[in-house]
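K.L.:
okay, structure incoming, though there's no sequence with it:
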């Protein structure tokens, strides 16, 4: 089971977001059969089987084991991931295309960058998982309080200079390309 799986297709997203199927996915954090799930969620085994076939067709659940009871084979399934994230590309390709927005200071551009990040890292994580490798990543997450717009602008200038200097120092034309995204946005106020 993966930690996080990025859902790329609209059909798989629809299957995962359906309330009954989402409930089954949560229940399948541990392996279970259709009969066991039916008792757990209060739905007939036949309906559970119907929903499981859809989830399995989209790669959201996978076979954990098969148990033989006389002439009957019981399939035990498990969710393919502990959690799921729907890529914006599942809804619209342009949602994950920052090049579609010329205003690099807009929220739309930042959301498109985040969408591309989800899509690219999801693809790379899936490939790494399939080969048993670990995906090398670097993440920095912090909060900073700016007293004024002028402070924020000065910080942006200093950060840009520092990042460009570091990139120039460590970039090699024959090296493996990596994408670096630095973003800042106000922290949303907590809703009460």
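P.N.:
The structure has been received and is ready for your questions. Quantities reported herein were computed from a predicted structural model and do not represent experimental measurements.
K.L.:
sketch out the strands for the chain, chain order is fine.
P.N.:
Secondary structure of the chain by DSSP state E: the strands cover 2-7, 32-33, 61-69, 72-79, 81-86.
K.L.:
out of the ones you listed, which one sits most buried?
P.N.:
Comparing those by mean neighbour count (mean count of other C-beta atoms under 10 Å), strand 32-33 ranks first with a mean of 22. All C-beta atoms are positioned from the backbone trio N, CA, C, and that covers glycine.
K.L.:
now it: average pLDDT?
P.N.:
Across strand 32-33, the average pLDDT comes to 92.
K.L.:
local confidence estimate at the residue lying closest to residue 120 once chain neighbours are set aside?
P.N.:
Counting by C-beta to C-beta, 6 or more residues apart in numbering, residue 120 lies nearest to residue 179, which is 7.1 Å off, once chain neighbours are set aside. If you check residue 179, the pLDDT there is 88.
K.L.:
my guess is residue 179 meets residue 119, correct?
P.N.:
No - if you go by C-beta atoms under 8 Å, residue 179 and residue 119 don't touch, sitting 11.6 Å apart.
K.L.:
neighbour count: these two, which is higher?
P.N.:
More crowded of residue 179 and residue 119, by other C-beta atoms under 10 Å: residue 119, with 20 against 9.
K.L.:
one step back: would you turn the strands of the chain into a markdown table with distance to residue 153?
P.N.:
Converted to a markdown table, the strands of the chain look like this (distance: least, C-beta to C-beta, whole Å):
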| stretch | distance to residue 153 |
| --- | --- |
| strand 2-7 | 34 |
| strand 32-33 | 55 |
| strand 61-69 | 49 |
| strand 72-79 | 46 |
| strand 81-86 | 33 |
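K.L.:
residue 125: which of those is closest?
P.N.:
Checking the strands of the chain against residue 125 by C-beta to C-beta gives strand 2-7 as the closest, at 7.3 Å.
K.L.:
the inter-axis angle of the closest one versus strand 81-86?
P.N.:
Strand 2-7 and strand 81-86 are oriented at 30 degrees to each other (axes from the mean of the first three to the mean of the last three C-alpha atoms, to 10 degrees).
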